[in-house]
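Colleague: Predicted coordinates and the sequence they were generated for:
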Amino acid sequence: MNRLFYILTFLSLAIFFFIAMIDIHRFIDEATRNNRFLRNSFLSIANVAIPLKNKILGRTVDDNIMQLQSTGVCQFCDFTEASMNGFELNGVDIRNSNLSHVNLSSVRMSGARLNNSILVEANLRGASFYIANLAGSNLERANMNEANLSRSILVKAKLTKVSLKKASLRGAILTGANLTQSNLTGADLSSEFPFTTYLHKTNLNSVNLSDANLFEADLRSPIQTNLYFCKTKMPDGTMNNKSCN
């Protein structure tokens with residue numbers, strides 16, 4: 001019995017040491033190349049194992065913030081309820097991290113990698129995510145008013161009930177994103193990329209859709225008044241220049 005306990009303890013410590021020492025995303029990318037199922041399985045395990053390892057080691061949210069500021073990398077980290085408003089975090093890598101209820105107002109995260117991160121009810125007002133990667137992230141009920149998401153990647157991101165008033169999504173890639181019941185009043189959605197996203201009960205009042213590609217988009221259920229159309233490709237393939245000067 002004692003021998004089995006020591007063996008299991010040794011194996012656990014070895015796994016934790018291995019996880020702590022490697023770039024987990026790079027390891028997963030190389031180990032699961034061309035195998036999406038295996039990749040998703042590894043990520044699911046890492047989502048449990050790494051936070052557990054950090055908890056056993058007694059790592060706090062403040063420790064994670066210090067690591068992020070010093071190295072620019074903190075994957076699978078817990079930042080829950082942290083206050084980082086106004087921080088300069090351009091180019092950081094916080095993929096698969098938990099940023100629920102975090103205050104990131106006016107933060108600068110241009111070029112940051114936040115793939116598959118959780119930002120539920122986060123305060124992102126006035127933050128800059130220019131060319132940032134938020135693919136697969138959960139931003140449900142976040143405050144993103146006046147945020148800069150220009151050229152960002154929001155593929156399959158969950159943006160339900162998000163407030164995006166006067167936000168800039170100019171050139172953003174929203175393929176498969178879910179904007180159900182979100183408020184985009186006064187937002188800029190001009191983009192050459194196809195607007196294939198979910199817009200059920202989305203508020204699109206006074207939205208700028210110049211140069212937007214709405215081909216085959218479903219605009220029947222969103223709330224839409226005072227939309228700006230100029231060089232806009234409509235769902236039926238026709239061009240709309242109604243608002244051009």
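Modeller: In hand now; what should we look at?
Colleague: Work out for me the element residue 62 sits within.
Modeller: Applying DSSP states H and E as the criterion places residue 62 in helix 61-71.
Colleague: neighbouring contacts of that helix?
Modeller: 54, 73-74, 77-82, 84, 87, 89, 92, 94 (Cβ atoms under 8 Å, 6 or more residues apart in numbering). The C-beta positions use only the backbone N, C-alpha and C, and glycine is treated the same way.
Colleague: could you point out which element follows that helix?
Modeller: Per DSSP H and E, the first helix or strand lying C-terminal to helix 61-71 is strand 232-233.
Colleague: if we can go back for a sec, any idea how far the helix holding residue 62 is from the middle of the chain?
Modeller: Centre-to-centre, helix 61-71 and its host chain are 19 Å apart (Cα atoms, centre = their mean, to the nearest Å).
Colleague: Tell me which residues touch the residue nearest the centre of the chain, please.
Modeller: For the chain, residue 134 is the residue whose C-alpha lies nearest the centre (Cα atoms, centre = their mean; 2.8 Å). By Cβ under 8 Å, 6+ apart, residue 134 lies in contact with 114, 115, 117, 149, 152, 153, 154, 157.
Colleague: Please tell me I have it right and the third one contacts residue 92.
Modeller: So the one you mean is residue 117. No: counting by Cβ atoms under 8 Å, residue 117 does not reach residue 92; the two are 11.1 Å apart.
Colleague: still on that earlier bit, can you list the buried residues in the helix holding residue 62?
Modeller: 61, 64, 65, 68 (16 or more other Cβ atoms under 10 Å).
Colleague: Any of the contacts of helix 61-71 buried? List them.
Modeller: Looks like the contacts of helix 61-71 have 54, 73-74, 77-80, 82, 84, 87, 89, 92, 94 buried, using 16+ other Cβ under 10 Å.
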